[in-house]
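Novice: Starting from these lines, generate the structure:
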Amino acid sequence: MKHLKLLFASGILLFFSCQTVSARGVRIPFGDREVLNKVADLPDTDDYKTDEGNYIDLATLHQEFNIAYILPLYIEKEPRLVGYCEKEDTYYELTDEQLSTILEANHLDGKKLNRLGFYTRYGGKIVGLVIIALIIRGFIPNKKKNIKPVEI
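Specialist: Below you'll find the predicted structure:
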């Protein structure tokens with residue numbers, strides 16, 4: 001078992017020390033973007049049918065500032081519920097009347113659906129701070145203390 005752990009640890013070490021991929025010319029996208037997350041699957045009835053014959057579901061739409069699409073740093077616009085058609089890749093603005101009718105007809109709680117996850121709300125900030133702390137830690141020089149052995 002120890003040999004397997006040693007082999008696994010050395011494999012991880014080799015993987016992270018390998019520099020075969022060049023980062024030259026690679027652009028990391030950052031900036032604000034709109035994010036749609038499907039939160040409720042509505043029944044496929046004529047009430048929720050689009051003009052193209054597809055069906056809508058409920059999704060949250062919010063605007064966030066992020067880095068590389070995976071590190072949300074902060075929320076620019078709070079989430080709101082919209083109609084979302086995945087096949088058409090479009091969303092539909094719903095009036096308060098339409099939204100309350102949909103929620104009541106399907107026994108859904110709008111407050112529970114209209115929330116962001118922990119990572120979206122806070123996780124990007126935590127990861128960003130850890131990265132900044134590691135960068136700062138890399139610039140601080142290590143001071144090694146000379147320890148003399150005690151003679152008995």
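Novice: so where's the protein uncertain?
Specialist: For the chain, the stretches flagged by pLDDT under 70 are 1-25, 144-145.
Novice: Name the single longest strand found in the protein.
Specialist: When the chain is parsed with DSSP state E, its longest strand is strand 71-85.
Novice: Tell me where this protein has strands.
Specialist: 30-40, 57-67, 71-85, 90-92.
Novice: rewinding a little: what is the longest strand of the chain packed up against?
Specialist: strand 30-40, strand 57-67, strand 90-92, helix 124-139 (3 or more CB pairs under 8 Å, 6 or more residues apart in numbering; DSSP states H and E). C-beta coordinates here come from the backbone N, C-alpha and C atoms, glycine included.
Novice: show me what contacts the residue nearest to Y119 when sequence neighbours are not counted?
Specialist: Using CB to CB, 6 or more residues apart in numbering and skipping the chain neighbours, the partner closest in space to Y119 is P72 (7.5 Å). Counting by CB atoms under 8 Å, 6 or more residues apart in numbering, P72 makes contact with 64-66, 119-120, 123-124.
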